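K.L.:
need a structure here:
(one chain, ligands or ions: 1)
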Amino acid sequence: MAGLKYLSGFGNELTSEDPRCPGALPEGQNNPQVCPYGLYAEQLSGSAFTCPRSSNKRSWLYRILPSVRHKPFTAMKCEDLTESWNEVDPDPNQLRWLPFTIPKAAEKKVCFVAGLHTLCGAGDSKSRNGIAIHVYSCNTSMTDSCFQNSDGDFLVVPQQGEILITTEFGKMMVEPNEICVIQQGMRFSVDVFGETRGYILEVYGAHFELPDLGPIGANGLANPRDFLAPVAWYEDRTVNGYTIVNKYQGKLFSCQQDFSPFNVVAWHGNYTPYKYNLENFMVINCVAFDHADPSIFTVLTAKSTRPGVAIADFVIFPPRWGVADHTFRPPYYHRNCMSEFMGLIKGHYEAKEEGFQPGGGSLHSIMTPHGPDGDCFEKNSTSVLTPERVAEGTMAFMFESSFSMAVTKWGLQTCQRLDKSYYKCWESLKSHFNPNWKPTSK
Ligand SMILES: [Fe+2]
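P.N.:
Below is the predicted model:
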């Protein structure tokens, strides 16, 4: 959307005023007896009050009416959004989904909230430890309604169709190949412009942060200045029945109020929604031989309390050069103590040129074997190793989690997109073992 402005920086203390109300931010204090323009001050806490300063998150919102002025919440139907991880029996197989279906507007109007489908997950929002992976597919903008996730943070990966997200902090347009994070408790509404689909990584009890860079140094991977937060924007609008939808302990509740919640005239703090363009990711890669592990492609991580073990990492496989000598260059064959969900925003993924399609997905669960398919192995075992562009025009990503995720009934049955022939892509792998083989020099 032309004209949208953003503030840059990851996790900084930011300040923003709607330009229509200069001076709306109180000077020198957070909570004056009377706020400029007659606004209410309201704090949104994203961490315990006493968290160390490095992880302490909160923002102050200066709004026309406070959030508390609403009618009581009542339960609403959840459709395919769930936190029930025992709906169906566990399945340790490699799982792959064809592109998830987007409803046709002519047949059924579906907004972002109604179009949320939980694919897999683990843990518990009540004990504040866990993860869920959702797919959204919709065709209609939200009208006089907004969504609030009380359970955790949403990392949203649009795959088809840009989405205009109006938040309490301002507006963000997010296109495929960009991501955004709407943190716990932040209210937002989604406008769409046609058939729209994407992926959501939800984490309970942790916020996303930039990974530590270790020996890489001060620069590289995702740079803090490329993360953008919205500029304050408000509407002073009376509405006959504005609906607030609240995801709370895995269930949906709604309440009514008579005004738009996007009534924040100014805000300051370090707890905001933000977006990031994946094109800005500075790729680190092998320049000699063998592989670095895919953790070199980590954009954001939600850390667990165990050092180096993530609740979930968001990892991308961007266009880059492949130059490794005497190396099988595609991803290695693998069994992992972590769960790996992969999605494809566009193009073809290098380890599986067929079958893994944009808008689909795959799940390789804990210790489930996976790796390049038969064609990929044969091609890359005999190809001449010149420098080559890898993943040109493509953006695959991975949600990697230390949780052993359960797949929902929707994921295994109702969505009807499970590719039951997935295992066949490895059936052509044959033995090349030769007991008479003699070593040659490299
Ligand atoms: Fe893997």
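
K.L.:
where in the protein is pLDDT low?
P.N.:
1-2, 351-353, 441-442 (pLDDT under 70).

K.L.:
center of it - which residue?
P.N.:
residue 155 (2.6 Å; Cα atoms, centre = their mean).

K.L.:
Name the nearest residue to that one, sequence neighbours excluded.
P.N.:
Sequence neighbours aside, residue 201 is the residue nearest to residue 155 in space, at 4.3 Å (criterion: Cβ to Cβ, 6 or more residues apart in numbering). C-beta coordinates here come from the backbone N, C-alpha and C atoms, glycine included.

K.L.:
Would you confirm that that neighbour belongs to a helix?
P.N.:
No: using DSSP: H, G, I helix; E, B strand; the rest coil, the secondary structure at residue 201 is strand, not a helix.

K.L.:
which residues does the closest residue to the ion within the stretch 201-350 of the chain bridge with?
P.N.:
In the stretch 201-350 of the chain, the residue that lies nearest the ion is residue 334 (3.7 Å; Cβ to the ion). For residue 334, the beta-bridge partners are residue 370 (DSSP bridges).

K.L.:
That one is in contact with residue 370, isn't it?
P.N.:
Yes: Residue 334 is in contact with residue 370 according to Cβ atoms under 8 Å; the separation is 5.8 Å.

K.L.:
number of nearby residues for residue 21?
P.N.:
Residues lying near residue 21 (other Cβ atoms under 10 Å) number 16.

K.L.:
so what's the closest residue to residue 280 other than its chain neighbours up against?
P.N.:
Distances taken as Cβ to Cβ, 6+ apart put residue 226 closest to residue 280, at 4.2 Å, once the chain neighbours are dropped. Counting by Cβ atoms under 8 Å, 6 or more residues apart in numbering, residue 226 touches 8, 276-277, 280.

K.L.:
Now, of the residues you listed, which are buried?
P.N.:
residue 276 (16 or more other Cβ atoms under 10 Å).

K.L.:
ok, so of the contacts of residue 226, who is nearest residue 55?
P.N.:
residue 276 (19.8 Å; Cβ to Cβ).

K.L.:
Would you mind naming what in the stretch 151-300 of the chain lies close to the ion?
P.N.:
For the stretch 151-300 of the chain, no residues are found near the ion under the criterion Cβ under 5 Å from the ion.

K.L.:
mind listing the strands for the stretch 151-300 of the chain?
P.N.:
With strands called from DSSP state E, counting those that start in this stretch, the stretch 151-300 of the chain shows them at 153-160, 163-167, 170-174, 178-182, 188-192, 196-204, 228-230, 238-248, 251-259, 264-269, 274-277, 298-303.

K.L.:
Just the CA atoms of the longest one, as CSV, please.
P.N.:
So that's strand 238-248. Coordinates of each C-alpha in strand 238-248 appear next as CSV, following Å, rounded to 0.1, in the frame of the first residue of the first chain:
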residue,chain,number,x,y,z
THR,A,238,-18.2,4.4,16.6
VAL,A,239,-19.4,0.9,15.4
ASN,A,240,-22.7,-0.8,16.1
GLY,A,241,-21.2,-4.1,17.2
TYR,A,242,-17.4,-4.3,16.8
THR,A,243,-16.3,-7.9,17.4
ILE,A,244,-13.1,-8.8,19.3
VAL,A,245,-12.1,-12.4,18.7
ASN,A,246,-9.8,-13.7,21.4
LYS,A,247,-7.8,-17.0,21.2
TYR,A,248,-7.5,-18.0,24.8
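
K.L.:
got the angle between that strand and strand 196-204?
P.N.:
60 degrees (axes from the mean of the first three to the mean of the last three Cα atoms, to 10 degrees).

K.L.:
strand partners of strand 238-248, parallel vs antiparallel please.
P.N.:
strand 145-149 (parallel), strand 251-259 (antiparallel).

K.L.:
returning to that earlier point: what is the residue nearest to the centre of the chain paired to in the beta sheet?
P.N.:
The partner residues for residue 155, given DSSP bridges, come to residue 181, residue 201.

K.L.:
Return the residues in contact with it.
P.N.:
Applying Cβ under 8 Å, 6+ apart, the residues near residue 155 are 179-181, 200-203, 208, 300, 314.

K.L.:
Now with 7 Å, please.
P.N.:
When contacts are counted by Cβ atoms under 7 Å, 6 or more residues apart in numbering, residue 155 touches 179, 181, 200-201, 208, 300, 314.

K.L.:
Those into a markdown table, with extra columns for neighbour count?
P.N.:
Shown next, in a markdown table, are those (neighbours: other Cβ atoms under 10 Å):
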| residue | neighbour count |
| --- | --- |
| 179 | 26 |
| 181 | 21 |
| 200 | 21 |
| 201 | 30 |
| 208 | 24 |
| 300 | 25 |
| 314 | 26 |
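
K.L.:
Find the pair from those residues with maximum spatial separation.
P.N.:
Most distant of the contacts of residue 155, by Cβ to Cβ, are 200 and 300, 13.5 Å apart.

K.L.:
May I have the longest helix along the chain exported as PDB, CA atoms only?
P.N.:
Criterion DSSP state H: the longest helix present in the chain is helix 374-382. Provided in PDB are the C-alpha atoms of helix 374-382 (Å, rounded to 0.1, in the frame of the first residue of the first chain):
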ATOM      1  CA  GLY A 374      16.100 -40.400  -6.100                       C
ATOM      2  CA  ASP A 375      16.300 -38.100  -9.000                       C
ATOM      3  CA  CYS A 376      18.100 -35.400  -7.000                       C
ATOM      4  CA  PHE A 377      20.600 -38.000  -5.700                       C
ATOM      5  CA  GLU A 378      21.500 -39.300  -9.200                       C
ATOM      6  CA  LYS A 379      21.700 -35.900 -10.700                       C
ATOM      7  CA  ASN A 380      23.900 -34.400  -8.000                       C
ATOM      8  CA  SER A 381      26.200 -37.400  -7.700                       C
ATOM      9  CA  THR A 382      27.400 -37.100 -11.300                       C
END
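
K.L.:
What's the end-to-end length of stretch 51-60?
P.N.:
Distance across stretch 51-60, first residue to last, is 17 Å (Cα to Cα, to the nearest Å).

K.L.:
and it, which residues are buried?
P.N.:
Residues of stretch 51-60 classed as buried by neighbour count (16+ other Cβ under 10 Å): 57-60.

K.L.:
same deal with stretch 297-307?
P.N.:
297-304.

K.L.:
before we move on, back to that, neighbour count winner among residue 334 and residue 370?
P.N.:
Between residue 334 and residue 370, residue 370 has the larger neighbour count (other Cβ under 10 Å), namely 20 against 15.
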